[in-house]
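Colleague: Sequence and predicted structure below; questions after.
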Amino acid sequence: QVQLVESGGGLVQPGGSLSLSCAASGRIFSIKAMGWYRQAPGKQRELVALIPSSGSTNYADSVKGRFTISRDNAKNTVYLQMNSLKPEDTAVYYCNAVDLRVVTGIKYRELWGQGTLVTVSS
């Protein structure tokens, strides 16, 4: 069974830092892109950052210069380093994988993690 397992998150004061990680479990052959989305209470889910298997990363304007997405292809893991956190960053953060292929040839168009809560508050 293929799934995305997130870790990290929690409560942090404004200006602080947090790190999220998301590992794709299973017999993974390739993943075209991995990313992070977030959903604040009463709002729609939005893209935070995206990193393809090759090529440049993409960030939401609201997090540029503060968040850094990285990826370890050997571990099928994506990371999100969040610095200078603001109260408006409070949300459930979801890991996302696009075009995930397992060694048997089965392809998953899109997978989501279960979500991890990030709360920025004093």
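Modeller: Nice, thanks for sending it over. Residues are numbered from 1 along each chain as shown.

Colleague: rest of the way, CA atoms for contacts and neighbours
Modeller: Noted.

Colleague: residue boundaries of the strands in this structure?
Modeller: When assigned using DSSP state E, the strands of the chain occupy the ranges 3-8, 10-12, 18-25, 28-39, 46-52, 58-59, 67-72, 77-82, 91-102, 107-112, 116-120.

Colleague: tell me which strands and helices the last one is in contact with?
Modeller: By that I understand strand 116-120. In terms of contacts (3 or more C-alpha pairs under 8 Å, 6 or more residues apart in numbering; DSSP states H and E), strand 116-120 is packed against strand 3-8, strand 10-12, strand 91-102.

Colleague: buried stuff in that strand?
Modeller: Buried positions in strand 116-120, judged by neighbour count with 16 or more other C-alpha atoms under 10 Å: 116-120.

Colleague: Show me what the residue nearest in space to the middle of the chain is bridged to.
Modeller: Nearest to the mean C-alpha position of the chain, counting by C-alpha atoms, centre = their mean, stands residue 36 at 2.8 Å. Beta-bridge pairing for residue 36 (DSSP bridges): residue 49, residue 95.

Colleague: Can you give me the pLDDT of the residue of the chain most remote from its centre?
Modeller: Relative to the centre of the chain, and counting by C-alpha atoms, centre = their mean, the farthest-placed residue is residue 104 at 25.4 Å. Residue 104 is assigned a pLDDT of 90 by the prediction.

Colleague: switch to numbering from 19
Modeller: New numbering, starting at 19: the last item is residue 122.

Colleague: quick one, what contacts it?
Modeller: With C-alpha atoms under 8 Å, 6 or more residues apart in numbering as the criterion, no residue contacts residue 122.
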